[in-house]
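Undergrad: fold the stuff below for me.
(one chain, ligands or ions: 2)
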Amino acid sequence: MTETKQLQPIEQPLKGEVYVPGDKSISHRAVIFASLARGRSKVEGFLTGEDCLRTVEAFRMMGVSIEQNGKELIIDSPGVDGFSEPSAPINFGNSGTTARLVAGVLASLPFFTTSFGDESLSRRPMDRVVMPLREMGAHIEGRDGARLLPLSFIGSRLRGITYQMPVKSAQVKSAILLAGVLGEGTTTIVEKAKTRDHTEQMLPRFGVDIFVRGNEISVTGGQTLSPADMKVPGDISSAAFFIAAAAIIPGSHVIIKDVGLNHTRTGFIDALRLMGAEINTEITRTVGGEPIGEVEVVHRKLHGTTIDGDIIPRLIDEIPILALVATQAGGETIIKDAAELRVKETDRVETTVNVLQKMGAYIIGKEDGMTIQGGASLKGASLDSMMDHRIGMMISIASMIAEGTSFLHNGSCIDISYPDFFADLENLVRSS
Ligand SMILES: O=C(O)C1=C[C@@H](OP(=O)(O)O)[C@@H](O)[C@H](O)C1
Ligand SMILES: C=C(OP(=O)(O)O)C(=O)O
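TA: Numbering: from 1, shown residues only. Ligands and ions are numbered 1, 2, ... in the order given. Here you go, the predicted model:
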């Protein structure tokens, strides 16, 4: 039986201020790096979504003590040399970030581990990390030639490599960098386009020397991580749903507080500005290399544009909600160079197009993106998130501007990245 949520259009604009939960990418990394460091680290503003809790559980299974008190974690680790072999397979749930980053760690540890995931994660490609890790000397086996989970690792001391990344993926980059730090020799990664750089920003905080020259990143192996305290900024990918809502609902004026504004993550704001949106950002401080600040959005009439090339990795998770915005802009919007969408929690080209077509939008899917004719009046419909959290949130915003009632099936997956999504949205509706 699937759960269903009834969603009504809203009659008033969105107004007020909102604090979004902690950044998912930074929360995962904080747990991983603190676990690898011997001693006590504190993480504040941790995202308590299901994906990040999978990362917590993975390290608990290797003997790391992680005490959770709401959004605060106290991590007491014996250090990577004190880890113990897990007594059961590790469940990565729905989390691609856990699966890829932790693979870089498991391949480097001197024991046997097996990992698996839910139905969606079991379809997602793991060869993108297995292949470079094998090049470093890793012993990894798995389903379909280790292309898919479950994967098993017999860890060993890995050797550094120089790796030209065939995919634009921060998960792959981070997995190799982690294996590089835990291994020996120098590891160098060359990216085709800059992907989110939280690993590079955060590792120095944990005492690791890392060198970045443009799209090339190097680390030397055998470095020991030291404990550190981290404050996690709000997640711009979660904020994107409110930014989008304010940009398309006439009369709206919303301010997002304390949100991460790392340039490798703010492509969505740049894209909306290209479409004529009024968005003001102000960086108020930098914590651990991560700029944090405010985003103010005022509703304006939008127009279509083309989104392609190097901006794509800077907004990859925001494309479903960007497509919704494009349905409300005048003219055509083309999104291309985004074939990565097809290997996310769902095939996000297909799920985005299906949802928006059902609501009456003019949108067609392409191999590497989608084309949207703006100016559509959306109609309420019966819609399924297909267990993809970003699709669930996009449906919820779309239903606010649709005529008539919508039904969201499988909306509970929103807990993966934003457990309080509906409460925070409700506050913005009520403040007006
Ligand atoms: O490194 C990360 O934290 C992430 C990288 C991106 O995935 P890819 O590396 O597959 O592009 C993104 O889609 C995901 O939500 C989080
Ligand atoms: C793609 C995503 O996450 P992951 O790859 O960690 O499952 C996402 O959060 O949109």
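Undergrad: residue numbers of the protein in contact with ligand 2?
TA: Within the chain, the residues that sit near ligand 2 (C-beta under 6 Å from any ligand atom) are 24, 51, 95, 96, 97, 317, 344, 345, 390, 417. To be clear about C-beta, it is placed using only N, CA and C from the backbone, and glycine gets the same treatment.
Undergrad: let's have those residues in JSON lines, adding neighbour count, distance to ligand 1 and pLDDT.
TA: Putting the residues of the chain next to ligand 2 into JSON lines (neighbours: other C-beta atoms under 10 Å; distance: C-beta to the nearest ligand atom, whole Å; pLDDT from 0 to 100) gives the following:
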{"residue": "24", "neighbour count": "24", "distance to ligand 1": "6", "pLDDT": "98"}
{"residue": "51", "neighbour count": "24", "distance to ligand 1": "9", "pLDDT": "98"}
{"residue": "95", "neighbour count": "28", "distance to ligand 1": "9", "pLDDT": "98"}
{"residue": "96", "neighbour count": "20", "distance to ligand 1": "6", "pLDDT": "98"}
{"residue": "97", "neighbour count": "22", "distance to ligand 1": "4", "pLDDT": "98"}
{"residue": "317", "neighbour count": "24", "distance to ligand 1": "5", "pLDDT": "98"}
{"residue": "344", "neighbour count": "20", "distance to ligand 1": "6", "pLDDT": "98"}
{"residue": "345", "neighbour count": "26", "distance to ligand 1": "9", "pLDDT": "98"}
{"residue": "390", "neighbour count": "28", "distance to ligand 1": "9", "pLDDT": "98"}
{"residue": "417", "neighbour count": "27", "distance to ligand 1": "8", "pLDDT": "97"}
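Undergrad: let me know the closest of those to ligand 2.
TA: Distance to ligand 2, by C-beta to the nearest ligand atom, is smallest for residue 96 among the residues of the chain next to ligand 2, at 2.6 Å.
Undergrad: from residue 40, how far out is that closest one?
TA: To residue 40, residue 96 is 29 Å away according to C-beta to C-beta, to the nearest Å.
Undergrad: now do residue 391
TA: 39 Å.
Undergrad: so between the two, which is more surrounded?
TA: The residue with more neighbours, out of residue 391 and residue 40, is residue 391; 28 against 13, by other C-beta atoms under 10 Å.
Undergrad: what is the burial count for the closest residue to ligand 1 within the stretch 1-150 of the chain?
TA: For the stretch 1-150 of the chain and ligand 1, the shortest gap (C-beta to the nearest ligand atom) falls at residue 25, measuring 3.2 Å. Neighbour count of residue 25, defined by other C-beta under 10 Å: 29.
Undergrad: phi, psi of it?
TA: phi -60, psi -40 (degrees, to the nearest 10).
Undergrad: what pLDDT does it get?
TA: Per-residue confidence (pLDDT) for residue 25: 98.
Undergrad: surely it meets residue 95?
TA: No. If you go by C-beta atoms under 8 Å, residue 25 and residue 95 don't touch, sitting 11.1 Å apart.
Undergrad: out of the residues of the chain next to ligand 2, which sit inside strands?
TA: Among those, no member is found in strands (DSSP state E).
Undergrad: please, which helix or strand holds residue 17?
TA: According to DSSP states H and E, residue 17 maps onto strand 15-19.
Undergrad: so where's this protein uncertain?
TA: Within the chain, the ranges that satisfy pLDDT under 70 run 1.
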